[in-house]
Each structure stands twice: as structure tokens, then as C-alpha cells.
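Chemist: Make a model of this:
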Amino acid sequence: MTNSLLETVSAYVDSCADPNGLAQTPIPGLTTIRTTAPSGLDYAISRPLACLVLQGRKHVTMGSRTFTFEAGDSLLITADVPTVSQIALASPEKPYLSLVLDLEPAVIADLAMQMDALPEIDGMAVHSSPTDREVEEAALRLMRLLDRPSSVPVLHQQLVREMHYWLLAGRHCAAIRRLGWPDGAARRIGKAVAALRSRFAETMAIDQLAEIAGMSASSFHKHFRNVTSLSPLQFQKQLRLIEARRMMLAGGMTASSAAFAVGYESVSQFNREYRRMFGLPPAQETEVARTKAGEAA
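Modeler: Reported below is the predicted structural model:
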């Protein structure tokens, strides 16, 4: 990773980051992140994105697989999947710095139609490997655009498109190509995932989800696990628990209120499954999380 991109992103977050180290740029879907200390575990449902790590180290777990990436690496997430992430290396002198770009399936589809000899589609939803030089150079041009705000509305779309092109042309092609296949398994599974996300408090049967995806029940179950590394039931459980945690942390809900709000009928079952996922009972885990957040602030 060249010093130019590192220095450009570092200067931007120094002037624009919020107290949490996030700086949303004027370019839609482009975000910079800075963290000055190792973090706790962050549970989230990640959307398709490309993350270029410029400094520090981060761990990301999806299902049973853990990926470690550091300066010079990029992480691609190509489906809406539950992830557990943690900043492993960061300090005030050398903070963790990264640049995140949301991936646009429509752009990928259009580019893939114009490109020859693309490799076979990769089924995994999370990938990590060294950042291609062309991707890095496109990212630098995108960041430098921010120094001239009047040029952003005119030029940002073609630079975002260029960055997608180099991702498709490089080592990450097989990972992101499937986002551009409207009738591909990943996009069909994405429809079911969207339904689960918007209706997480409901009980949705496999047949119902398979119908949304336009697949048979057996084919849906197989492709769902290939894409997310989880069964539909496991996915919904993690989604509910992550949303309940957010409700308790951000909304101040009690454990029992959050349990019923996300679709649990038994508070004791919610407590058991919450502890299994997060390591502590709901009330204790949220208190620890609030304390850590207060100390960081």
C-alpha cells in the first residue's frame, strides 16, 4: 500500500471523522475508518463491500471461518452475511485505517457483460487477499477528488465504476462477479436474505423463503449455506440476536422487551441463545459493552 493513499486517507479522517472514527465521504458508498486502539468484538450483518486496509490489522469471522487482513490487504464481502469483526492492531501513533466502498451489483453486471474470459464464480461470501495495484491507484484518485468538492458530482461515478472494473479485472474477480448475475444463485439468495432482514421478527418457513428466491426447497437450502455459510434458521437466529443487542445498546430496551420485539416467544430461550453467541447473559453483556463504549469516548 503506497504512502500516498495512506497519507490521503489519514489526512481526511483527521479533519472529517466523527468521535467513533468514521468519516462518510460526499461520494455515496465511500467511507473511511480510523481506530486508535484494539477493539472488542463487533457483531453485524454486513452488506456487499470492498475494504482496503491501509494500516493496522483486523479479524473478520463468518460462520466457522476467520480471516485476518492487514496493511496492503483488501477484504471483500459479497453477500449480506452475519460477521464478527475485531480490530487487532491499532494505537494512537499508528491507528487502524481503512477505506470502504459499497459494491454496486448493477455496475458489476454492466462491466461483466463487456469483459472477456472471466473466471468461474466463487461461492464464498468473504475473501481476503493483497490489494491489486490498479485498485489502490483508483482508490487514490477517488480520495483526491474530495480535495475539489465541485468535481465530485461530475466525476465520482466514473471513478467508482473504474474501481469496480479493477476489482473485476484482478484477483477478486471470482469473488464479486456473482453480484452481477441477476438470475444467479447469489442474487436469488439475496432476495431471501432481504426478506429475512425486513421481517426478522416473523417465522418464515423454508418453502416460503425458497419461493421468494425462485428455487426448490432443497436447492435453496444448499445455495443458502454455500453463500452465507449458515442454514436459514441459523441466519435468522443470528440476525435476531444482533438486532436485539442493538435495541438494548442503542434503544435502552430490557432483555425481555428486546426478546419479544425480535420474535422470541420465550425469554429463557433468548437468554440461552444470546449467551451462547455473545458469551454473557444479555443484561451483563450490554452493560459491559456500554462501559467499554464510555471508556472509549
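Chemist: all contacts plus neighbour counts: C-alpha atoms, from now on.
Modeler: Will do.
Chemist: from memory Leu5 sits against Arg144, does it?
Modeler: No: counting by Cα atoms under 8 Å, Leu5 sits too far from Arg144 to count as a contact (9.0 Å).
Chemist: Compare those two and say which is more crowded by neighbours.
Modeler: Leu5 (20 against 17; other Cα atoms under 10 Å).
Chemist: Next, the distance between the ends of stretch 199-217.
Modeler: 19 Å (Cα to Cα, to the nearest Å).
Chemist: next one: stretch 224-236
Modeler: This stretch, stretch 224-236, spans 12 Å end to end (Cα to Cα).
Chemist: tell me the contacts of the nearest residue to Thr228 once chain neighbours are set aside?
Modeler: Distances taken as Cα to Cα, 6 or more residues apart in numbering put Val81 closest to Thr228, at 5.7 Å, once the chain neighbours are dropped. Val81 makes contact with 45-47, 62, 125, 228, according to Cα atoms under 8 Å, 6 or more residues apart in numbering.
Chemist: For Val81, give its distance to Ala11.
Modeler: In terms of Cα to Cα, Val81 sits 32 Å off from Ala11.
Chemist: And the strands in the stretch 101-250 of the chain?
Modeler: For the stretch 101-250 of the chain, strands defined by DSSP state E, counting those that start in this stretch occupy the ranges 126-130.
Chemist: Give me the below-cutoff pLDDT ranges for it.
Modeler: For the stretch 101-250 of the chain, the stretches with pLDDT under 70 are 116-124, 178, 180-184.
Chemist: If we use 80, what do you get?
Modeler: Along the stretch 101-250 of the chain, segments meeting pLDDT under 80 span 112, 115-127, 171-187, 226-229.
Chemist: Show me where it has its helices.
Modeler: 105-114, 133-144, 152-169, 173-176, 185-198, 206-213, 217-228, 232-251 (DSSP state H, counting those that start in this stretch).
Chemist: Residue ranges of each domain in this protein, please.
Modeler: Following automatic domain parsing, one gets these domains for the chain: 3-180, 185-230, 235-296.
Chemist: Straight-line length of the shortest one, end to end?
Modeler: Between the opening and closing residues of domain 185-230 we find a distance of 15 Å, counting by Cα to Cα.
Chemist: now the longest strand along the chain: mean pLDDT?
Modeler: Longest strand in the chain, counting residues (DSSP state E): strand 81-89. Confidence over strand 81-89 (mean pLDDT, whole number) is 89.
Chemist: I'm done for today, thanks for sticking with me.
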